[in-house]
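Asker: give me a model of this one.
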Amino acid sequence: MELAFIPSPSRGVLYLGPIPLRGYAFCIIIGVFVAVWLGNKRWIARGGRAGTVADIAVWAVPFGLVGGRLYHVITDYELYFSEGRDWVDAFKIWEGGLGIWGAIALGALGAWIGCRRRGIPMPAYADAVAPGIAFAQAIGRWGNWFNQELYGKPTDLPWALEITSSSDGRVPGTYHPTFLYESLWCIGVALLVIWADRRFRLGHGRAFALYVAAYCAGRGWIEYMRVDDAHHILGVRLNVWTAILVFLLAVTYLVVSSKKRPGREAVVEPGADAAGGETDGAEPADAAGSTDRAEDAGEDDAPAGEADETEAEADGARNGAGSGKKT
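Answerer: Below you'll find the model as predicted:
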């Protein structure tokens with residue numbers, strides 16, 4: 001008999017009159033707000049304008065949701081298009097089923113469109129929002145808890161997750177709470193990126209690449225623990241192979257980018273006023289510009305000083321000539 005376990009909610013939806021309030025959707029929405037809020041603070045610290053992150057998120061978030069759903073439906077097509085299934089269920093995103101790989105891929109496309117419209121370098125924007133995305137994933141994973149899905153192998157550990165539902169092939173029992181493992185891992189990834197960005201002043205997309213690499217490292221072993229149906233290649237789950245491939249790409253980008261473009265962008269948003277000072281380890285975007293302005297001011301003052309000195313000497317000469325005195 002289990003002495004302790006994490007209980008699952010009896011249902012994942014509450015009704016406010018005729019309006020359904022779904023736990024999965026709430027987790028996704030809260031995660032998006034956290035990502036935009038933190039991304040905005042980091043963007044301002046890097047020298048950008050307040051509100052720019054939210055403006056670009058208007059493009060990135062819808063693209064990300066579509067991409068996440070597409071990846072899930074394509075890789076688990078039998079859940080929607082096999083015999084006895086209703087293909088309309090593929091559009092019921094509130095019932096769960098978002099693939100992070102597709103969400104990041106199409107979300108990046110949406111962000112690129114938004115950045116291009118604002119004349120903003122995409123890598124700088126990605127660096128600013130990277131920790132917020134990790135926090136959003138940490139919150140979003142609790143949506144799986146509401147839906148009693150994506151759990152791991154059976155276990156009797158004190159923090160085991162109790163599954164009570166028997167629908168869709170579930171077997172009631174206690175299992176590894178992989179949703180909790182991934183949530184905690186994502187929090188650690190976010191804190192790692194924030195620390196590394198302050199310590200090493202990451203730029204040109206390297207903070208985002210660090211987030212991707214660190215997330216993939218955790219997703220690989222967490223994915224290996226899951227027992228839900230999945231496609232396998234050489235006996236290994238598809239998402240494990242995806243995590244390995246994306247991890248290698250992220251690490252390669254980190255290495256190549258640090259050699260080709262060291263340092264951090266001096267300006268992340270043209271015309272933005274970054275006079276607020278340095279925050280979150282970011283250097284003011286107009287530091288070089290203020291030095292240039294000071295030098296320009298010095299050059300402008302020099303001729304005026306020389307003119308005053310010449311005029312004083314001329315007055316002295318005239319006074320000396322008029323008095324006729326010798327010393």
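Asker: going by C-alpha atoms from here, please, whenever you check contacts or count neighbours.
Answerer: Fine.
Asker: so which residues of the protein form helices?
Answerer: 23-45, 52-75, 78-81, 100-118, 122-140, 142-147, 178-200, 206-225, 238-260, 287-323 (DSSP state H).
Asker: my read: Arg69 touches Leu98, true?
Answerer: Yes - the pair Arg69 / Leu98 is scored as a contact, 4.8 Å apart, by C-alpha atoms under 8 Å.
Asker: circling back to that earlier point, buried deepest among the helices of the chain, which one?
Answerer: Mean neighbours per residue, mean count of other C-alpha atoms under 10 Å, is largest over the helices of the chain for helix 122-140, with a mean of 25.
Asker: which strands or helices does that one pack on?
Answerer: helix 23-45, helix 100-118, helix 178-200, helix 206-225 (3 or more C-alpha pairs under 8 Å, 6 or more residues apart in numbering; DSSP states H and E).
Asker: okay, angle between it and helix 23-45 too, please.
Answerer: 150 degrees (axes from the mean of the first three to the mean of the last three C-alpha atoms, to 10 degrees).
Asker: helix 122-140 vs helix 206-225, what angle?
Answerer: Using the same axes, to 10 degrees: helix 122-140 against helix 206-225 is 30 degrees.
Asker: distance from the chain centre to helix 122-140, please.
Answerer: Remark: helix 122-140 is offset 1 Å from the chain centroid, using C-alpha atoms, centre = their mean, to the nearest Å.
Asker: confidence score at Asp286?
Answerer: Asp286 is assigned 41 on the pLDDT scale.
Asker: so which of the helices of the chain is nearest Lys92?
Answerer: helix 52-75 (9.4 Å; C-alpha to C-alpha).
Asker: now that closest one: average pLDDT?
Answerer: On average, helix 52-75 scores 95.
Asker: contacts for it next, please.
Answerer: 32, 36, 39-40, 43, 79-80, 90, 93, 97-111, 113-115, 125, 231 (C-alpha atoms under 8 Å, 6 or more residues apart in numbering).
Asker: quick one, that helix and helix 238-260 angle?
Answerer: Using the same axes, to 10 degrees: helix 52-75 against helix 238-260 is 140 degrees.
Asker: CA atoms of helix 52-75 as PDB?
Answerer: Below are the C-alpha coordinates for helix 52-75, written out as PDB (Å, rounded to 0.1, in the frame of the first residue of the first chain):
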ATOM      1  CA  THR A  52       8.000  45.200 -28.100                       C
ATOM      2  CA  VAL A  53       8.100  41.600 -26.800                       C
ATOM      3  CA  ALA A  54       4.300  41.500 -26.500                       C
ATOM      4  CA  ASP A  55       3.900  42.900 -30.000                       C
ATOM      5  CA  ILE A  56       6.100  40.200 -31.500                       C
ATOM      6  CA  ALA A  57       4.500  37.600 -29.300                       C
ATOM      7  CA  VAL A  58       1.200  38.400 -31.100                       C
ATOM      8  CA  TRP A  59       2.900  36.700 -34.100                       C
ATOM      9  CA  ALA A  60       5.000  34.000 -32.200                       C
ATOM     10  CA  VAL A  61       2.300  32.600 -29.900                       C
ATOM     11  CA  PRO A  62      -0.300  31.600 -32.600                       C
ATOM     12  CA  PHE A  63       2.300  30.200 -34.800                       C
ATOM     13  CA  GLY A  64       3.700  28.200 -31.900                       C
ATOM     14  CA  LEU A  65       0.300  26.800 -31.000                       C
ATOM     15  CA  VAL A  66      -0.300  25.700 -34.600                       C
ATOM     16  CA  GLY A  67       3.200  24.300 -34.900                       C
ATOM     17  CA  GLY A  68       2.900  22.400 -31.600                       C
ATOM     18  CA  ARG A  69      -0.400  20.900 -32.600                       C
ATOM     19  CA  LEU A  70       0.800  20.000 -36.100                       C
ATOM     20  CA  TYR A  71       3.800  18.100 -34.700                       C
ATOM     21  CA  HIS A  72       1.600  16.200 -32.200                       C
ATOM     22  CA  VAL A  73      -1.000  15.300 -34.800                       C
ATOM     23  CA  ILE A  74       1.600  14.200 -37.400                       C
ATOM     24  CA  THR A  75       3.600  12.100 -35.000                       C
END
